[in-house]
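In: Sequence plus the predicted model coming up.
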Amino acid sequence: MKKMYLLLGFFIVATSMAGCANQSTPVEQTQEVQESPQNIPTPYSVISEEPSSPYPSVEQSSEGLPSIITPEAYPRVGEGDVEQESTPENLATPTLPIDIVMRATDPDQFNLTSGGYQLVEFFAFWCPTCKSMAPVLRKLENKYAGKIQFIYLDIDDPKTNPFKQALGYQYQPHLFLIDGQGAVIKQWVGYVAEEELDVVLGSIQ
């Protein structure tokens, strides 16, 4: 009888051990999260905003089409800020040198007693003051054409020496206003303003 109990107990123990061996024990799987270099935050990772650009940037509109946004980087041109175009009137017109308009009268053609009013100038082509007087005399000559004859005597021409002595020439420019008999009405030495000459010449009847 004891043998039967022993065999039964041994059978139970063996059966229980076999059942334990067949049961699969759940293995707790632990997933190790490997941090890649991209996921590892670094102390130098700084999110910086892109600098603003003065040029147009492209954004995506709500319809999916690119829209161009132009920042106010440059001042807008107002209605009054219209750039003036270069026109022939705005271009500087080159002026001719005064030397070109200076000319000398042939002394052989000059007569002190011409019978009419004459404005005689003793000048030199190298004289700066004479060059300044040239456009003034040209203007007055055109204004009083037919009324007063303008004579220009080059002091470097020996043929003008007799006229220098007759009129009392001193130095250039020296102007003489003479009547029809060669008498001196008025004279000027050096630069003379156009207004002053115009008053005297305009008073001649």
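Out: Sure, I can see it. Residues are numbered from 1 along each chain as shown.

In: could you measure E196 against I204, distance?
Out: In this view, E196 and I204 are 14 Å apart by Cβ to Cβ, to the nearest Å. C-betas here are computed from N, CA, C, even on glycine.

In: So which elements touch the strand or helix carrying Y152?
Out: Per DSSP states H and E, Y152 falls inside strand 149-154. Using 3 or more Cβ pairs under 8 Å, 6 or more residues apart in numbering; DSSP states H and E as the contact test, the elements touching strand 149-154 are strand 118-123, helix 128-143.

In: Quickly run through the sheet partners of it, with directions.
Out: strand 118-123 (parallel) (DSSP bridges).

In: Give me the pLDDT value at Q205.
Out: pLDDT for Q205: 72.

In: give me the number of residues near it?
Out: Residues contacting Q205 under the criterion other Cβ atoms under 10 Å number 4.

In: Same question for V200.
Out: Count around V200 with other Cβ under 10 Å applied: 14.

In: on that earlier part again, could I get the buried residue list for whatever helix or strand comes next after the strand holding Y152?
Out: Downstream of strand 149-154, the first helix or strand assigned by DSSP H and E is helix 161-167. Of all the residues in helix 161-167, those buried under the rule 16 or more other Cβ atoms under 10 Å are 163, 167.

In: ditto for stretch 133-140
Out: Buried, per 16+ other Cβ under 10 Å, within stretch 133-140: 133-134, 136-137, 140.
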